[in-house]
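Student: Coordinates for the following, if possible.
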Amino acid sequence: MHSKDYIELDEKYGAHNYHPLPVVISWAEGAKVKDPEGKVYFDFLSAYSAVNQGHRHPKIIKALVDQAQVCTLTSRAFHNDQMGAFLKKLCEYTGYEHALPMNTGAEAVETALKAARRWGVEVKGVQNGKQEIICVDENFHGRTLAAISMSNDPDSQVNYGPYVPGFVRVPYEDIDAMAKAITPNTVAVILEPIQGEAGVCVPYEGYLKAVRELCTKNKVLFICDEVQTGFCRTGKRFAWMHEGARPDIMCLGKALGGGVLPVSAIVADHEVMKVFTPGTHGSTFGGNP
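Tutor: Purely as a prediction, here's the structure:
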């Protein structure tokens, strides 16, 4: 089959929720990909940062193959011999006390939102149903209903209502507007340290630090969506480190899976993560070996 044949199959049987470039990738290694006709391309997209380590990194592929030969899934009904070591490594690498594994970046965001809402009731004392979370214009936190409820992108929102309530959106980089939006019911502020879908928008120097200080002053959680910027994509382990603006909750994904599996997580300290108890949140595949 040729590239055009694969494209025709996609167009005929797939939902048209993407408009990909007319390139079919049948082989990939490192920074290079190849189509069925043998034409080689450099992959500057890197699967939106999911293959930071390069396609088919030999160390990652070996770990994948070795594990697949002994155990692939246990669900969270059991312990497995890999998850504890993974969580320990992730906590040590990020500098947080606890990690909660999920699958996709959007799931990590949803987990962070749920943690913040529950923390708002159980720790801050906000009445359940009154919790508010501040987000910013031009954000992108995924395609789930809660994520698009934070968005002001027409393509993401059109005809998907009613939207999830409880979000207050303010202009990006406007710390004064953010301060004015905070009320006694505000439980969190969520943002990307560098906006991705908006066009790789880097905030002015001091913005992240100002957000951190504002959240601390008002007993509001700072949620940093590092799904795309995390794991050295910006020159530091995580983008918030450029300003020392340590968030209360960090959302991780994409590169966390090494470009082979969807792996995501949130990391936070015990003060936040203690709100989760058995039955309050979960994932069948989250934390799979």
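Student: pull the helix or strand with minimum mean pLDDT from this structure.
Tutor: Lowest on mean pLDDT, DSSP states H and E among the helices and strands of the chain sits helix 154-157, with a mean of 89.
Student: Against which helices or strands is the following helix or strand past it packed?
Tutor: Counting by DSSP states H and E, the element after helix 154-157 in chain order, helix or strand, is strand 167-170. Under the contact definition 3 or more CB pairs under 8 Å, 6 or more residues apart in numbering; DSSP states H and E, strand 167-170 sits against strand 132-136, helix 145-150, helix 175-181. Placement of C-beta: from N, CA and C, glycine included.
Student: Now tell me what touches the second one from outside.
Tutor: I take that to be helix 145-150. Identification of contacts with helix 145-150 by CB atoms under 8 Å, 6 or more residues apart in numbering yields 106, 109-110, 113, 133, 135, 139-142, 156-157, 160, 163-165, 167, 169, 190.
Student: what do you get for stretch 124-132?
Tutor: With CB under 8 Å, 6+ apart as the criterion, stretch 124-132 contacts 116-117, 120-121, 166-168, 183-187, 219.
Student: what's the closest of the residues you listed to T277?
Tutor: V121 (13.5 Å; CB to CB).
Student: can you pull the contacts of the closest one?
Tutor: Contacts of V121 (CB under 8 Å, 6+ apart): 127-128, 131.
Student: same check, this time on C135
Tutor: Going by CB under 8 Å, 6+ apart, the list of residues near C135 reads 141, 150, 167-170, 189-191.
Student: okay if I get the residues you listed as TSV plus neighbour count, pLDDT and distance to S46?
Tutor: Formatted as TSV, the contacts of C135 follow (neighbours: other CB atoms under 10 Å; pLDDT from 0 to 100; distance: CB to CB, whole Å):
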residue	neighbour count	pLDDT	distance to S46
H141	27	97	20
M150	26	97	25
F167	16	99	30
V168	16	99	33
R169	18	98	29
V170	20	98	31
V189	27	99	28
I190	24	99	24
L191	25	98	22
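Student: just curious, which of those is nearest to H242?
Tutor: Checking the contacts of C135 against H242 by CB to CB gives L191 as the nearest, at 14.2 Å.
Student: and the nearest residue to the closest one once chain neighbours are set aside, how many residues sit next to it?
Tutor: Leaving aside its chain neighbours, L191 sits nearest to V136 (5.1 Å; criterion: CB to CB, 6 or more residues apart in numbering). Neighbour count of V136, defined by other CB atoms under 10 Å: 23.
Student: so what's V136 bridging to?
Tutor: V170 (DSSP bridges).
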